[in-house]
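**Student:** 3D, please:
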Amino acid sequence: MQHFAAAGRFRQQLWEEWMKDRIGFIGLGSMGSGMAANLLAKGWPLTVWAHRSRDALARLVADGAVEAETPRALAEQCDIVILCVTGSPQVESLVRGPEGLASASKPLTIVDCSTSNPSSTVQLATELKKQGITLIDAPLARTPKEAAEGKLDVMIGGAAEDVERVRPVLEAFSARIVPTGPVGSGHTMKLLNNFVSMSYSAVYSEALTLGVKAGLTPKVFHSVISGSRMDCGFYQAFFDFVINRNENAQRFAIVNALKDMTYLASFAQSAGVANPVGAVVRNGFATAVATGHGEKFVPALSDIIAGLNGVSLTVKE
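**Tutor:** Purely as a prediction, here's the structure:
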């Protein structure tokens, strides 16, 4: 009887594996590589394509993923494709290009985990629907550390049935999935999320500079704010760089922050909403990029603002 029971469990396992959607993944950077690794670890059949991240791709292939030669070839082998790239231009190219995902001419669900422009997302979703392709926006919150741990937050926009179809896939690398409404609403919420966080970064940076000008060191500033009502996880990550000079405390490039704030400005303009704070924050990051600091991570904005004002945050106590 035990032999028959074991055989039954084996057949059930094979059936479950066979029934699983085949997953494609494009965008194996600091976030995407951890997400893709979690998909493999949770047993999802995975096909990957990489333009630049060859080291991450090699590790995934060694662990059982299959490499596709082009996005089109990846689409031909998959049911659901996850994109985790920089933004809308990259997404549009991967979808619409001569060897893009849409050129496979087959039913497909595309999940865009990038931080994209909501207007581009809505337009692309409408266009793809005519080809039998579903586009869902599912941008991410948290960091590469949580991506590797499978503990990301996901904001997801799409029809309820589409969201439920991809939920088991997203659960492989997320701790929290928050439906936000129709297609485009996930990317809108992500822009608002980043607006708040990048505004914090700008305020922290200016406050630290003012403090040093007045003779108050970053350590004194931190001793007052840390543990108070103004403390939060974002603050702690930012100040892990300011106080401990941890370069990897918050791995989000300043150039990407500027990109997101530019998307926010476009969204505010299309909505007819005055967004003066957003404009100020965007200009701060634009200044950092224009002065050659775009590839540094966001907490380094504090050093850049201090330097522009002739002071240093690394003063000795």
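
**Student:** Please report the residue range of the longest strand in this protein.
**Tutor:** Identified as the longest strand of the chain according to DSSP state E is strand 174-181.

**Student:** Not counting sequence-adjacent ones, nearest residue to the residue nearest the centre of the chain?
**Tutor:** Using C-alpha atoms, centre = their mean, the residue of the chain that lies closest to the mean C-alpha position is residue 140, 4.3 Å off. Leaving out its chain neighbours, the residue that sits closest to residue 140 by C-beta to C-beta, 6 or more residues apart in numbering is residue 152, at 5.1 Å. (Glycine included, C-beta is placed from N, CA and C.)

**Student:** Confirm for me that the one you found is in contact with residue 173.
**Tutor:** Yes: contact criterion C-beta atoms under 8 Å: residue 152 and residue 173 qualify, at 5.7 Å.

**Student:** Can you tell me, leaving aside adjacent residues, what's nearest to residue 90?
**Tutor:** Nearest to residue 90 is residue 114, by C-beta to C-beta, 6+ apart, at 7.0 Å.

**Student:** State the next helix or strand along the chain beyond the helix-or-strand element of the chain with minimal mean pLDDT.
**Tutor:** Lowest by mean pLDDT, DSSP states H and E among the helices and strands of the chain is helix 2-19, with a mean of 49. Downstream of helix 2-19, the first helix or strand assigned by DSSP states H and E is strand 23-26.

**Student:** so what secondary structure elements neighbour that following strand?
**Tutor:** helix 32-41, strand 46-49, helix 71-77, strand 80-83 (3 or more C-beta pairs under 8 Å, 6 or more residues apart in numbering; DSSP states H and E).

**Student:** Those: which one's closest to residue 220?
**Tutor:** Set against residue 220 and scored by C-beta to C-beta, these come closest in helix 32-41, at 36.4 Å.

**Student:** secondary structure class for residue 136?
**Tutor:** Classification of residue 136 using DSSP: H, G, I helix; E, B strand; the rest coil returns strand.

**Student:** now residue 32: how far from residue 26?
**Tutor:** Taking C-beta to C-beta, to the nearest Å as the measure, residue 32 falls 8 Å from residue 26.

**Student:** now do residue 101
**Tutor:** Computed as C-beta to C-beta, the residue 101 to residue 26 distance reads 8 Å.

**Student:** One more: residue 161?
**Tutor:** Distance of residue 161 to residue 26, given as C-beta to C-beta: 24 Å.

**Student:** the more surrounded of those two?
**Tutor:** residue 26 (27 against 8; other C-beta atoms under 10 Å).

**Student:** intersection of neighbour lists for residue 101 and residue 26?
**Tutor:** Residues touching both residue 101 and residue 26 by C-beta atoms under 8 Å, 6 or more residues apart in numbering: 71, 74, 81, 94.
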